[in-house]
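Enquirer: test case, fold it:
(one chain, ligands or ions: 2)
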Amino acid sequence: MPQIPMQTDNTDQPMIEIRGLKTHFFTDDGLVKAVEGVDLDIMPNRTLCLLGESGCGKSILARSILRIVDAPGRITGGSILYHAADGRTVDLARARPGSRELRSIRGSDISMIFQEPMSSLGPIQKIGKQITETIRLHRDVTRAEAKAEAIDMLARVGIPRPAERFESYPFELSGGMRQRAMIAMALSCQPRLLIADEPTTALDVTTQAQILDLIAELKEEFQMAVMLITHDLGVVAEVADDVAVMYMGKIVEKSDVYGLFENPRHPYTRALLNSVPRIGMTSKDRLPAIRGMVPHPLARPSGCTFRTRCDQFMQGTCDLREPRLKPVEGGEVACFLHEGETTNV
Ligand SMILES: Nc1ncnc2c1ncn2[C@@H]1O[C@H](COP(=O)(O)OP(=O)(O)OP(=O)(O)O)[C@@H](O)[C@H]1O
Ligand SMILES: [Mg+2]
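Expert: Ligands and ions are numbered 1, 2, ... in the order given. Model prediction:
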């Protein structure tokens, strides 16, 4: 069986450094600031969960990294420094769309899986052919070697009778199996980073757990970094090493996963944690929802964007200035309540 070589990354240095990233949509109705000044590091061999309510900009942030944001959206500022395994550094934010450099990074260094497998699997080509073509696009191997690798990969993602499945069309597989086939395709080029955008939301709970286990297992086996997008705190608790919480296009809190659950600092993070059912609750216990609604993207509040829903809103501060991410013990938080907090950082 073909062996996938282990990569050895320096685990102290970020693989990707995102600074001041802005991705805006120029719509007929106005400017939608989907990503509005994001600073984020992606570390090798770790699982980073990007958490936040619907519409906060998680997918657009991920798509910005791969430069697959569709018009009328585009990156309008900031940088995405990608430190390649060979020592090169590329600013993905400035790379020319469609350039050879970008195409070679996309798919071979960084690959992405989506909620809907059919958005990356073509409907009219057999699974096996799609995987071997991906392998051959990025690596110099013979057709027979690529086929052996593809079958091996289908087996590794837990697809029974992989040699038979190699000849299947995507529509012949169940939802869970299609998701596995998509993961096999994403991993067949041995990426250093796998971006998974809500990869299990559409699946039943058992299959969801299997797919998450599978991603965790393959992350260890291939020594890759994973950026997992989710709005499910259960998933975060299960798989994350680090967590970044997003609200209206900004990261409001970063922490390792233990810190996030033990000592959430941002009022938004706290509200998210409070809105999750806990064991021991009865049907009479009401779950506190986060007060109010996410403001319309075209009507961003001044100052802190969460202030309109925040129970600890401080007039004259939160409405006038924008809080920046500041280091606190175990992470960073963008909130005036924590400005004076001491840190060991
Ligand atoms: N093609 C588009 N045109 C205009 N605005 C867009 C477009 N795509 C996304 N947006 C806006 O960008 C913002 C961020 O969207 P994004 O899809 O990143 O949210 P998300 O956090 O992934 O949400 P979900 O959890 O629902 O997937 C939203 O306000 C959305 O309306
Ligand atoms: Mg999304």
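Enquirer: how about the strands in the stretch 101-250 of the chain?
Expert: 110-113, 193-197, 225-230, 242-247, 250-256 (DSSP state E, counting those that start in this stretch).
Enquirer: how about the ones you listed, which one is nearest Leu337?
Expert: Leu337 lies closest, by CB to CB, to one member of the strands of the stretch 101-250 of the chain: strand 250-256, at 11.7 Å. C-betas here are computed from N, CA, C, even on glycine.
Enquirer: by how many degrees do that closest one and strand 242-247 diverge?
Expert: 160 degrees (axes from the mean of the first three to the mean of the last three CA atoms, to 10 degrees).
Enquirer: what is the helix or strand following strand 250-256 packed up against?
Expert: Using DSSP states H and E, the next helix or strand after strand 250-256 towards the C-terminus is helix 257-262. In this structure, helix 257-262 makes packing contacts with helix 233-239, strand 242-247, judged by 3 or more CB pairs under 8 Å, 6 or more residues apart in numbering; DSSP states H and E.
Enquirer: redo those as a markdown table? Include distance to Lys219, mean neighbour count and mean pLDDT.
Expert: Conversion of the helices and strands packed on helix 257-262 to a markdown table gives the following (distance: least, CB to CB, whole Å; neighbours: other CB atoms under 10 Å; pLDDT from 0 to 100):
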| stretch | distance to Lys219 | mean neighbour count | mean pLDDT |
| --- | --- | --- | --- |
| helix 233-239 | 9 | 18 | 89 |
| strand 242-247 | 13 | 24 | 97 |
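Enquirer: reformat these as JSON lines; add distance to ligand 1.
Expert: Listed next are those as JSON lines, based on distance: least, CB to the nearest ligand atom, whole Å:
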{"stretch": "helix 233-239", "distance to ligand 1": "13"}
{"stretch": "strand 242-247", "distance to ligand 1": "7"}
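Enquirer: if we can go back for a sec, got the strands of the stretch 101-250 of the chain as CSV, with distance to Ser79 columns?
Expert: Converted to CSV, these look like this (distance: least, CB to CB, whole Å):
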stretch, distance to Ser79
strand 110-113, 16
strand 193-197, 17
strand 225-230, 17
strand 242-247, 17
strand 250-256, 15
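Enquirer: now do the contacts for the residue of the stretch 201-345 of the chain found nearest ligand 1.
Expert: Per CB to the nearest ligand atom, Pro297 is where the stretch 201-345 of the chain lies closest to ligand 1, at 3.9 Å. Shown in contact with Pro297 (CB atoms under 8 Å, 6 or more residues apart in numbering): Val32, Lys33, Ala34, Gly55, Met248.
Enquirer: just give me the closest of those to Gln190.
Expert: Nearest to Gln190 among the contacts of Pro297 is Ala34, at 30.6 Å by CB to CB.
Enquirer: so which residues on the stretch 1-150 of the chain come close to ligand 1?
Expert: Within the stretch 1-150 of the chain, the residues that sit near ligand 1 (CB under 6 Å from any ligand atom) are 25, 27, 32, 34, 52, 54-60, 70, 73.
Enquirer: rerun at 8 Å
Expert: 25, 27, 32, 34-35, 52-63, 70-73, 115 (CB under 8 Å from any ligand atom).
Enquirer: please spell out the PyMOL selection for the buried subset of these.
Expert: In PyMOL, this line selects whichever of those come out buried by 16 or more other CB atoms under 10 Å:
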select buried, resi 25+32+34+35+52+53+56+57+58+59+60+61+62+63+73+115
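Enquirer: if I look at Ala144, how far off is ligand 1?
Expert: 40 Å (CB to the nearest ligand atom, to the nearest Å).
Enquirer: number of residues surrounding the residue nearest to Ala150 when sequence neighbours are not counted?
Expert: Nearest residue to Ala150 in three dimensions, chain neighbours excluded: Ile131, at 4.0 Å (CB to CB, 6 or more residues apart in numbering). By the criterion of other CB atoms under 10 Å, Ile131 has 27 neighbours.
Enquirer: hmm, Ile131 is touching Val157, no?
Expert: No. Taking contacts as CB atoms under 8 Å, Ile131 lies outside contact range of Val157: 10.5 Å.
Enquirer: and for the two, which residues touch both?
Expert: Joint contacts of Ile131 and Val157 (CB under 8 Å, 6+ apart) are Ala181, Ala184.
Enquirer: dump the residue contacts of the residue nearest to Ala150.
Expert: Ala146, Ala150, Met153, Leu154, Ala181, Ala184, Met185, Ser188.
Enquirer: how near is the second one to Phe25?
Expert: Between Ala150 and Phe25 the distance, using CB to CB, to the nearest Å, works out to 37 Å.
Enquirer: and if you look at Asp86?
Expert: 35 Å.
Enquirer: got it, and Pro170?
Expert: On the measure of CB to CB, Pro170 and Phe25 end up 30 Å apart.
Enquirer: so where is this protein shaky, pLDDT-wise?
Expert: For the chain, applying pLDDT under 70 flags the ranges 1-11, 276-289, 341-345.
Enquirer: stretch 187-205: which residues count as buried?
Expert: For stretch 187-205, using 16+ other CB under 10 Å, the buried residues are 187-200, 203.
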